[in-house]
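Q: 3D, please:
(chains A and B)
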2 protein chains.
Amino acid sequence: MRKVAVCAPATPLKREYAEAVTALAAKDFPEIELYFHDQCFVEEGHFAGSDKVRLDALLECANAPEFDAVWFAKGGYGSNRIATDFLGKASAEAGRKTYLGYSDCGTLLGGLYRARIGHPVHAPMPVDIKRDGGDEAVRRVLGWMGGDAEGLEQGLTGRPAAAFNLYTLAMLVGTRLMPALDGHELLIEEVGEYEYAIDRLMFHLVEHLHDVAGIRLGEVTAVPENDRPFGADAEQIVQYWCEKSGITYLGRAAIGHSSANRIVPFGLEA
Amino acid sequence: MRKVAVCAPATPLKREYAEAVTALAAKDFPEIELYFHDQCFVEEGHFAGSDKVRLDALLECANAPEFDAVWFAKGGYGSNRIATDFLGKASAEAGRKTYLGYSDCGTLLGGLYRARIGHPVHAPMPVDIKRDGGDEAVRRVLGWMGGDAEGLEQGLTGRPAAAFNLYTLAMLVGTRLMPALDGHELLIEEVGEYEYAIDRLMFHLVEHLHDVAGIRLGEVTAVPENDRPFGADAEQIVQYWCEKSGITYLGRAAIGHSSANRIVPFGLEA
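A: Numbering: from 1, shown residues only, chains lettered A, B, ... in the order given. Alright, predicted model coming up:
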């Protein structure tokens, strides 16, 4: 892809991060043209603008014929409030694009995948430039946009795959946005949740999953310390629920809320 | 009811709280006999004993012919890990009992209601004795056990009702434990969640609710301060999602994680 539109379906991006990503792309990936929609920088309470402002910007980027891809600037929370309306108004142009992001924006990736609109891809976002080693995460995406497979998650086996933040996916299951994941390797990751909360989310998730090929666990970072130890770590928790529900646990994956986060195209696109 | 068994399907109770509740009951409600199962005080990591220990104690209390009711000692997290096995092993004796609790134990109340086993009742728990005014919360339950309707939520209209912690209910929807709530007034409350998290849970909840008579909002307490204001308070959030999904918003309710928490028998039992 050559021309990439960036918008913020959830929370706003700082201008300095957009500038840093633009500078990095101009220097090392001159074949990629990045267009940051002004909506990325709008602030309204928690969100990057009202539902209408975020929806309009997303539709503008997705439905415009001149772009090859839509890159979500940042997660945070809020994509779910506009996802259904977005899918209902996506044009044929939107169906030819690649959509990249993760975390809260997994709601959009999931909804697009269910609706079979375009090519959803779990990938680092412009906001990741702020992390230690964040330029590497951004380079991974820009490189992949230019045709370099280096940034792909290395454990993808050729079976269809999908990747989600666990909490985001737990809020997606059973909704009108949830894609069927039968036969898929499901990669999950989490950030900032207590172990008991991870356990609770896994309970909910496995009750809703049917016939996935298995679950792989990405990074689980910034787990807060509770008033007492839970008695199992994140991997043991995921193994517990996989075993209890008859889902195959397939080991670890290189996705997560860190600069090590790798690219997972949904489906068989890898 | 006269003889009440107390067990802890989630996290352990401190002995001093059991003693305080026992003393209060002995003094002012001599017609009620409380039996605290020793499992209430077992500690294993996060839980009041392993899944097996908690399940066995719950089954012992529920299946014993000598008790009229099972009162859950404390929430916290963990009922969901034993709920399905419990329902599968509940006896005819279990079907004659009343079950009281709230918060995480809403998972059991919901599962019992779905399975039509006994009489699930949203009510304060022994652990509430520790709160400011907690003895009033405990008196409310002991009084109700003795036949006093004073402690009931005062807005119950004669339509069937059910009451849940929002997060607990969001983890219940779509699972094998979720009861049909068609025609019910659904009372929800929350504690300790960010407003954006409440918004996200409401998104998930309304996607799963079908034909409820409406939603009433209880207390929303201990909302943490986020790095920026959300832009709407809990009641506005609930109204937003009710409006978006065509659910009637029925106003406030006197339930929550405080000593003001009132009693809501599930169904038409009020």
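
Q: ok, now which ones touch whatever residue of the stretch 101-250 of chain A ends up closest to chain B?
A: Going by CB to the nearest CB, chain B is nearest to A:G231 of the stretch 101-250 of chain A, at 2.1 Å. To be clear about C-beta, it is placed using only N, CA and C from the backbone, and glycine gets the same treatment. By CB atoms under 8 Å, 6 or more residues apart in numbering or on different chains, A:G231 lies in contact with B:44-47.

Q: and chain A, which of those residues contact it?
A: B:44-47 (CB under 8 Å from any CB of the partner chain).

Q: okay if I get those residues as a markdown table plus pLDDT and secondary structure?
A: Formatted as a markdown table, those follow (pLDDT from 0 to 100; DSSP: H, G, I helix; E, B strand; the rest coil):
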| residue | pLDDT | secondary structure |
| --- | --- | --- |
| B:E44 | 97 | strand |
| B:G45 | 95 | coil |
| B:H46 | 96 | coil |
| B:F47 | 98 | strand |
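
Q: OK, contacts around the spatially most central residue of chain A?
A: Centroid-nearest residue in chain A, with CA atoms, centre = their mean: A:Y102, separated by 1.5 Å. By CB under 8 Å, 6+ apart, the contact list for A:Y102 reads A:75, A:109, A:122-125, A:163-165, A:255, A:261.

Q: re the thing from before, which SSE is the residue of the stretch 101-250 of chain A closest to chain B in?
A: Per DSSP states H and E, A:G231 falls between elements, in no helix or strand.

Q: sort out for me which of the contacts of A:Y102 are in helices.
A: Counting by DSSP state H, the part of the contacts of A:Y102 found in helices is A:L109.

Q: is it possible to get TSV of the contacts of A:Y102 that adds neighbour count and pLDDT?
A: Converted to TSV, the contacts of A:Y102 look like this (neighbours: other CB atoms under 10 Å in any protein chain shown; pLDDT from 0 to 100):
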residue	neighbour count	pLDDT
A:G75	24	97
A:L109	31	98
A:H122	27	98
A:A123	30	98
A:P124	30	98
A:M125	25	98
A:A163	31	98
A:F164	28	98
A:N165	27	98
A:I255	27	98
A:N261	28	98
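
Q: surely A:Y167 and A:E190 touch.
A: Yes - look at A:Y167 against A:E190 with CB atoms under 8 Å: they come within range, at 6.7 Å.

Q: common neighbours of these two, please.
A: In contact with both A:Y167 and A:E190: A:L201, using CB under 8 Å, 6+ apart.

Q: these two - which one has more neighbours?
A: Comparing A:Y167 with A:E190 by other CB atoms under 10 Å in any protein chain shown, the one with more neighbours is A:E190, at 28 against 24.

Q: what's near enough to touch the more buried one?
A: The contact partners of A:E190, by CB under 8 Å, 6+ apart, come to A:165-167, A:198, A:201, A:220-221, A:234.

Q: could I get those as TSV with distance to chain B and secondary structure?
A: Supplementary listing: the contacts of A:E190 in TSV, determined by distance: CB to the nearest CB, whole Å; DSSP: H, G, I helix; E, B strand; the rest coil:
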residue	distance to chain B	secondary structure
A:N165	12	strand
A:L166	12	helix
A:Y167	8	helix
A:I198	11	helix
A:L201	8	helix
A:V220	16	strand
A:T221	18	strand
A:A234	14	helix
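
Q: picking that back up, of the contacts of A:G231, select the buried ones using a ChimeraX command.
A: To isolate the buried ones among the contacts of A:G231 in ChimeraX, judged by 16 or more other CB atoms under 10 Å in any protein chain shown, type:
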select /B:46,47
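
Q: A:A92 - how many residues pack around it?
A: A count of nearby residues for A:A92, using other CB under 10 Å, gives 9.

Q: chain B versus that one, what's the distance?
A: 27 Å (CB to the nearest CB, to the nearest Å).

Q: quick check: pLDDT value at that residue.
A: Listed pLDDT for A:A92 reads 97.

Q: SS state for it?
A: At A:A92 the chain is in coil, as set by DSSP: H, G, I helix; E, B strand; the rest coil.

Q: same deal with the one 3 residues further on?
A: In the three-state summary, A:G95 is assigned as helix, counting by three-state DSSP.

Q: show me what contacts it?
A: Listed by CB under 8 Å, 6+ apart, the contact set of A:G95 reads A:117-118.

Q: mind checking pLDDT for it?
A: At A:G95, the model reports a pLDDT of 98.

Q: same deal with A:M1?
A: Looking at A:M1, its pLDDT is 77.

Q: from memory A:I255 sits against A:F164, does it?
A: No - applying CB under 8 Å, one finds A:I255 not in contact with A:F164, separated by 9.1 Å.

Q: in the stretch 1-150 of chain A, what residue is nearest chain B?
A: Nearest to chain B, among the residues of the stretch 1-150 of chain A, is A:G45, at 2.1 Å (CB to the nearest CB).

Q: so what's the closest residue to A:P224 other than its chain neighbours up against?
A: Nearest residue to A:P224, sequence neighbours excluded (CB to CB, 6 or more residues apart in numbering or on different chains): A:Y194, at 5.6 Å. Contact partners of A:Y194, counting by CB under 8 Å, 6+ apart, are A:223-224, A:226, A:230.

Q: drop anything exposed from the residues you listed.
A: A:223, A:230.

Q: what is the lowest-pLDDT residue among the contacts of A:Y194?
A: Out of these, that is A:N226, at 91.

Q: what's the spacing between the nearest residue to it once chain neighbours are set aside and B:K27?
A: The shortest distance from A:N226 to any residue other than its chain neighbours is 5.4 Å, reached at A:Y194 (CB to CB, 6+ apart). Computed with CB to CB, to the nearest Å, the distance linking A:Y194 and B:K27 is 38 Å.

Q: and A:G101, by the same measure?
A: To B:K27, A:G101 is 61 Å away according to CB to CB.

Q: ok, those two, which is more surrounded?
A: Neighbours were counted for A:G101 and for B:K27 using other CB under 10 Å; A:G101 has more, 30 against 8.
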